[in-house]
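K.L.:
Okay, predicted coordinates and the sequence, questions at the end:
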Number of protein chains: 4
Amino acid sequence: MLINVEDYRKRAEKRLPRSIFDLIDGGAEDEITLKRNRAGFEQISLVPRILANVEGRDQSVTVLGNRLEVPFLLAPTGGAKTCWPNGDVLAATGAHKCGTIFIVSTYTGSSLEEIAERAPGKKWFQLYIWRDRSLVKSLVDRAKAAGYEALVLTLDYPVPALRERDVRHSLVLPPKITFKNALESLLHPLWVKRLMFSPSMSMGTLAIAPGVSGKDLKSTSALIKKNIDPSVTWEDLKWFRSIWSGPLVLKGVLSPEDARQAASLGIDAIVVSNHGGRQLDAAISTIEILPEIVEAVNGKTEILMDGGIRRGSDIIKARALGAKAVLIGRPYLYGLAANGGPGVDAVLNILKTEVDRTMALLGISKLSDLNKSYFRYHK
Amino acid sequence: MLINVEDYRKRAEKRLPRSIFDLIDGGAEDEITLKRNRAGFEQISLVPRILANVEGRDQSVTVLGNRLEVPFLLAPTGGAKTCWPNGDVLAATGAHKCGTIFIVSTYTGSSLEEIAERAPGKKWFQLYIWRDRSLVKSLVDRAKAAGYEALVLTLDYPVPALRERDVRHSLVLPPKITFKNALESLLHPLWVKRLMFSPSMSMGTLAIAPGVSGKDLKSTSALIKKNIDPSVTWEDLKWFRSIWSGPLVLKGVLSPEDARQAASLGIDAIVVSNHGGRQLDAAISTIEILPEIVEAVNGKTEILMDGGIRRGSDIIKARALGAKAVLIGRPYLYGLAANGGPGVDAVLNILKTEVDRTMALLGISKLSDLNKSYFRYHK
Amino acid sequence: MLINVEDYRKRAEKRLPRSIFDLIDGGAEDEITLKRNRAGFEQISLVPRILANVEGRDQSVTVLGNRLEVPFLLAPTGGAKTCWPNGDVLAATGAHKCGTIFIVSTYTGSSLEEIAERAPGKKWFQLYIWRDRSLVKSLVDRAKAAGYEALVLTLDYPVPALRERDVRHSLVLPPKITFKNALESLLHPLWVKRLMFSPSMSMGTLAIAPGVSGKDLKSTSALIKKNIDPSVTWEDLKWFRSIWSGPLVLKGVLSPEDARQAASLGIDAIVVSNHGGRQLDAAISTIEILPEIVEAVNGKTEILMDGGIRRGSDIIKARALGAKAVLIGRPYLYGLAANGGPGVDAVLNILKTEVDRTMALLGISKLSDLNKSYFRYHK
Amino acid sequence: MLINVEDYRKRAEKRLPRSIFDLIDGGAEDEITLKRNRAGFEQISLVPRILANVEGRDQSVTVLGNRLEVPFLLAPTGGAKTCWPNGDVLAATGAHKCGTIFIVSTYTGSSLEEIAERAPGKKWFQLYIWRDRSLVKSLVDRAKAAGYEALVLTLDYPVPALRERDVRHSLVLPPKITFKNALESLLHPLWVKRLMFSPSMSMGTLAIAPGVSGKDLKSTSALIKKNIDPSVTWEDLKWFRSIWSGPLVLKGVLSPEDARQAASLGIDAIVVSNHGGRQLDAAISTIEILPEIVEAVNGKTEILMDGGIRRGSDIIKARALGAKAVLIGRPYLYGLAANGGPGVDAVLNILKTEVDRTMALLGISKLSDLNKSYFRYHK
């Protein structure tokens, strides 16, 4: 019975070959940060109010001027198309139906134009400042042309991390055929069938390259590796600003100093994120550092956060501690892997319903009612 | 061997079909609050005194002017009649024999008049402020007429919670027959026999509806669902006050601000409660928030609490932290399920004996001797 | 291989019928205090010094004017004769060989005169203030006549506790023969053989009753139950002082207020004790409360402690936190059960060697060197 | 797949007879300190910076005037030659290839001259102040003559500890042949073959005794036991200073007072160490006490530390808390046992790569950038 996000996670685990599930579910090195993202939420208890008239509950939020029906956005992830044919388009469509924004990842698998065209609703585009700045510039221009309303710069990826689950699966793009892989595939015939017969299901095409086919994968992958630029600084951000005058979001902020710097530079929003525990293992959990960042920023920029959100009450906690909204990543991928588009819709609906019920039980009608009196850290 | 409450819990687990046991034993969502209610007690250690003359121990307390022989009342629960025929009457009778008060739940299964008539002793009635205020008014009038001495308003139920164990058992009223259900029933023939041959054993009739028979269940259930009113506020409480001048107890208070408000409005007592971990999962545990509430109230109203009480020493801890008495719910249901009326009596007696022994070993003769010197939080 | 106290515990578990092992090893109710006695030590880390010349190490201490070769005494326990024939005499002899004091329990199994006569060395006698004060007086007189140098009043036993392991084994004195008992005995033939063929092995004779034979057990047991006096107060202590002018030790102190009171009354020593987790379950652990008691007493009486000592480093921690010496109980019973007299000797020697090695590795030559700089509480 | 140090640990566990693995892997008594060395690191989270230009990362450090390519040295250990023929020479060679220093242990198995001759690169020599000071003097002279650049005095070994795993394996030198030993050997034929056919693989020859053959082991072992000197003090250190004017390192410092004393005497460096949890069990973990020592020393001597380093992020944490570099011991032994020289190289390379990646992801280009803003203790 699929009644919560964890149910969808378990279903995804059954449906996907182990290596694909681990690709989505895993984190860096010992997965300490992955676990602490969850543990951080468990250290917070909610303190509900009574007799508060919670009849007309409204969980909508305004993020960068956009009214969202729910306090969560769909995080940029690279795995949607490995879970289900057209996974990214389906997820974007689901986000729109739910009244929120889908953030397209550079690594999503479809071209940014394709997603813009095939999925309705507002979308943002996530990208990196690559070495080849003309490539970055062309991406920004294309994103603008395709109607993306905001750009999200991922900044916690100066070098690739070591995701040990992937290494142990020999997970390289395109996938290497090994006996273990083959066996795993035999055990997941539906997934294989969907992959084989769907030209739109893929394991690594990029949003940057319209028309890139499966056989071009190797060169694309090499292109990216060559282009990751560890030398990017706040100066480069100024250059980026000069080529993109729309809303700009910095993703991967964990240090209060960086948050303050971003605010002072007029950045529109930051995403407090440790890349879902997939980059620096031993990095602090996002819910733990969030209050320090809220204090540092002092209202001068909008604060989003991600990492470990699995329940509506987690979203409420993040709000109570000062985030405007959260990003969810793995949950919608679990939904996709379990059941394609309807799976995404179900997962988003579960979270929306949980947020609504948590608001009612907490005694609030709108999210801006939340403040420090609604939670306690426990020992 | 049945020598403590946990023994009765395990026996109940054996005796009841899984779905019925889970209905009683379970909590909301991930059952975090359910577990923390217990964990909160384990963070407190007792510091006993010696040479204190504990010969004439007296565990009686005065709650709303009633002298109780024991520092606990029987909480309103809906499950008594699913555990044993006439479970609610048996529990009420047990409470009286033990020298304490039984709080009749709106969902108990027998009509409030029937319990008043068939079970001796003092009783309180628990109810909700429903949308249909005339129905509420009629309930209040009937409770008054039937001799209920105090009313307990449950306020932590503005909307139903998600109790996932119940959902997974397809637990709906009246029960759906499924293969798994049928198998479970075969494994618990005694329970089925008692249910079948006892017109007074039921799975969901209501205290509000004298004469409601099994076949009316669906409409009754619908009636309730329609009547849950999330819009109730402190204003409605004034109205309620106007139709009931007797002792009034607010149940479900967790916020110090609400406790202070209740005290300032002259409410007779509050029950610090998270509905046994069955409403807002992630809600703070009652023993953790109790000291804040005691401080906020500053003696201006009586404070009861429930949640996680399994040992006499738990009751002593709650008293030492400032509660006047506690409510126990699941323990008497375990007793009922294990052995009917004698099971209730045994469980109440176990708790009474444990309170007495804990007092002796702690070096106190009456509960009012307790203060902060008798406990420490440990690390 | 028997190289530490835990090894002896496991060997005892194998050698004894389950009910006898549990009688020795168990605690009250949920055994929370039993476990916390150990956990308390694990929260403390030692901070060693280097280059401290630890060649001539001396672990002797002076307790009530007696120079002991080791910083531990043998606690009064009732179980020695259930572990091995003449267990109490063997343990007393072992204590003497190790250069320390044996504290004879009222419940030991041999008469106090017999132990005094058969075992060499200094001994103290433990007793209760019973209802029948003439019986108490006669015991004091007999103890004095038999050469006991100090009396230890146990004060944490105003009523019997519920030791659930014992109840589940139907452990009553004299033992009831049940099928499970019989089976257990068949599985431990050596123990049974020792019990059967040794008139001096017993399951409950008392130090108070010289000449009491097995068949008198029931009446003796009843005598004691009748005589436990929960009404004893500090006033009775004055009376006790009037009949015993020698060194007086109060055992079972956990409250700083009581410790201060004892000190102000000129009591010679107190034992910070929760009866090894066998009386008030949920009582604070002794190592946790010790520093508060040390501060309260401010050097005006000698402080001993017991509870959870299993390693030499535990003894060092207790000393560093302010205890003069510790009492060990279960460890020597494990030794007895495993191997009789040589088992006791081995266990005492293990602890002595561990204390010595810990001193060397900690960089101290005598125990009085210890202070707060040698430990840290960790998080 | 061998991608991290723990992988090498598991491979070593498979490759070595149990007794040899435990000799390397084990700690003293209950191995509490062994575990806390690791747990201490897990209480620290890293807080990365973004946009920091991490292109030209440099993890080199200067220790006692030596530029090391990596922030770790190879700790002196006695087990290298029990893992692999010529293990110590191979490890020293690996250290050199990695751009760091190998610290030769007195117990290493080869003579200090042999290692100096056969392995390239900088080496330090570890020794004790033994009773026979002329022996110490001769060692110092030989170390100087052989070109060792610094001496490391181990000071946490005034007496041998009880390493219970070793005792249970009857691990004595030379090894006693037991049935269990024989069986274990049969299960590890490759290890036995390497041992048998390699005159340079040994279980206990010493760096002090050139030309000592297997049959001399007993007398050598006795020589050492006789020579351990628990009476050494700070005065003896002055004497040691008088015979060695080169760089001097004190290993085994855990007390801030001792660290301050060492600094005030002009000691060149200290190693904060609890001997890898192999001496005083219950000793504080090194990462926990490190900040106190850094504060006490106030920059007046160089601080190294060891204990529990298994990841590059551990090294970064130690640096952030104030250590100049760390020592790694077990990791390179795991490498040796798994695969000889290439195993050492692989392990060192893993740590180097992890340090590099952690620096990039943390947003620092050189280790001196680290400060308190880069980490938090979490609850």
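P.N.:
Yep, that arrived.
K.L.:
CA only for contacts and neighbour counts going forward, please
P.N.:
OK.
K.L.:
on contacts alone, who are the packing partners of the longest helix along chain A?
P.N.:
Using DSSP state H to define each element, chain A has its longest helix at helix A:330-362. Applying 3 or more CA pairs under 8 Å, 6 or more residues apart in numbering or on different chains; DSSP states H and E, we find helix A:330-362 packed against helix A:5-15, helix A:18-25, helix A:80-83, helix A:87-97, helix A:312-320.
K.L.:
helices and strands around the third one, which ones?
P.N.:
The contact analysis (3+ CA pairs under 8 Å, 6+ apart) places helix A:80-83 against helix A:87-97, helix A:330-362.
K.L.:
ok, residue A:359 touching residue A:57?
P.N.:
Yes: counting by CA atoms under 8 Å, residue A:57 is a contact partner of residue A:359 at 7.5 Å.
K.L.:
Now do the contacts for residue A:294.
P.N.:
Residue A:294 makes contacts with A:303, A:321-323, as judged by CA atoms under 8 Å, 6 or more residues apart in numbering or on different chains.
K.L.:
which of these tops the neighbour count?
P.N.:
Ranked by neighbour count (other CA atoms under 10 Å in any protein chain shown), these have residue A:303 at the top, with 27 neighbours.
K.L.:
Okay, strands next: where are they in the stretch 201-350 of chain A?
P.N.:
A:248-253, A:269-272, A:302-306, A:325-328 (DSSP state E, counting those that start in this stretch).
K.L.:
mind checking how far the first one is from the chain centre?
P.N.:
So the one you mean is strand A:248-253. Offset of strand A:248-253 from its chain centre (CA atoms, centre = their mean, to the nearest Å): 12 Å.
K.L.:
Which single residue of the stretch 1-150 of chain A approaches chain C most closely?
P.N.:
Of all residues in the stretch 1-150 of chain A, residue A:43 sits closest to chain C, at 15.8 Å by CA to the nearest CA.
K.L.:
Next up, the contacts around that residue.
P.N.:
By CA under 8 Å, 6+ apart, residue A:43 lies in contact with A:377-379.
K.L.:
Least confident of these?
P.N.:
Note: of the contacts of residue A:43, the lowest pLDDT belongs to residue A:379, at 72.
K.L.:
ok and the residue in chain A nearest chain C?
P.N.:
Closest point on chain A to chain C, by CA to the nearest CA, is residue A:379, at 11.8 Å.
K.L.:
Return the residues of the stretch 201-350 of chain A in contact with chain D.
P.N.:
Residues of the stretch 201-350 of chain A lying near chain D by CA under 8 Å from any CA of the partner chain: A:229-234, A:252-255, A:258, A:279-284.
K.L.:
got the contact list for the residue nearest to residue A:325 when sequence neighbours are not counted?
P.N.:
Among residues not flanking residue A:325 along the chain, residue A:71 sits closest, at 4.8 Å (CA to CA, 6 or more residues apart in numbering or on different chains). Contacts for residue A:71 (CA under 8 Å, 6+ apart) come out as A:59-61, A:315, A:324-326.
K.L.:
can you check residue A:367 too?
P.N.:
The contact partners of residue A:367, by CA under 8 Å, 6+ apart, come to A:58-61, A:316, A:319, A:359.
K.L.:
most neighbours, which of the residues you listed?
P.N.:
The most neighbours of any of those, using other CA under 10 Å, belong to residue A:316, which has 27 neighbours.
K.L.:
Hmm, residue A:130 is touching residue A:225, no?
P.N.:
No: using CA under 8 Å, residue A:130 makes no contact with residue A:225, being 9.7 Å away.
K.L.:
between the two, who's got more neighbours?
P.N.:
A direct count of neighbours by other CA under 10 Å for residue A:130 and residue A:225 places residue A:130 higher, at 20 against 13.
K.L.:
Would you mind measuring from that one to residue A:259?
P.N.:
According to CA to CA, to the nearest Å, residue A:130 stands 22 Å off from residue A:259.
K.L.:
Kindly report the same for residue A:50.
P.N.:
Taking CA to CA, one finds residue A:50 at 36 Å from residue A:259.
K.L.:
And for residue A:344?
P.N.:
From residue A:344 across to residue A:259, the span is 32 Å (CA to CA).
K.L.:
Compare these two and say which is more crowded by neighbours.
P.N.:
residue A:259 (30 against 27).
K.L.:
got the phi/psi numbers for the spatially most central residue of chain A?
P.N.:
Chain A has residue A:75 as the residue nearest its centroid, 2.2 Å off, counting by CA atoms, centre = their mean. When read as degrees, to the nearest 10, the backbone of residue A:75 gives phi -70, psi 150.
K.L.:
Overlap of the contact sets of residue A:359 and residue A:57?
P.N.:
A:365-366.
K.L.:
Max pairwise distance over the contacts of residue A:294: which two?
P.N.:
The span of those, defined through CA to CA, is set by A:303 and A:321 at 10.6 Å.
K.L.:
Make JSON lines from the strands of the stretch 201-350 of chain A and add distance to residue B:151 to it.
P.N.:
Listed next are the strands of the stretch 201-350 of chain A as JSON lines, based on distance: least, CA to CA, whole Å:
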{"stretch": "strand A:248-253", "distance to residue B:151": "53"}
{"stretch": "strand A:269-272", "distance to residue B:151": "48"}
{"stretch": "strand A:302-306", "distance to residue B:151": "45"}
{"stretch": "strand A:325-328", "distance to residue B:151": "41"}
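K.L.:
re the thing from before, most neighbours per residue, which of the helices and strands packed on helix A:330-362?
P.N.:
Most buried of those, by mean neighbour count (mean count of other CA atoms under 10 Å in any protein chain shown): helix A:80-83, with a mean of 30.
K.L.:
How far does that helix sit from its chain's centre?
P.N.:
Its chain's C-alpha centre and that of helix A:80-83 lie 14 Å apart, by CA atoms, centre = their mean.
K.L.:
what does the model give whichever residue of the stretch 201-350 of chain A sits closest to chain B for pLDDT?
P.N.:
Nearest residue of the stretch 201-350 of chain A to chain B, counting by CA to the nearest CA: residue A:313, 7.2 Å away. Note on residue A:313: pLDDT of 98.
K.L.:
from what I can see it touches residue A:358, true?
P.N.:
Yes: taking contacts as CA under 8 Å, residue A:313 lies within contact range of residue A:358: 6.0 Å.
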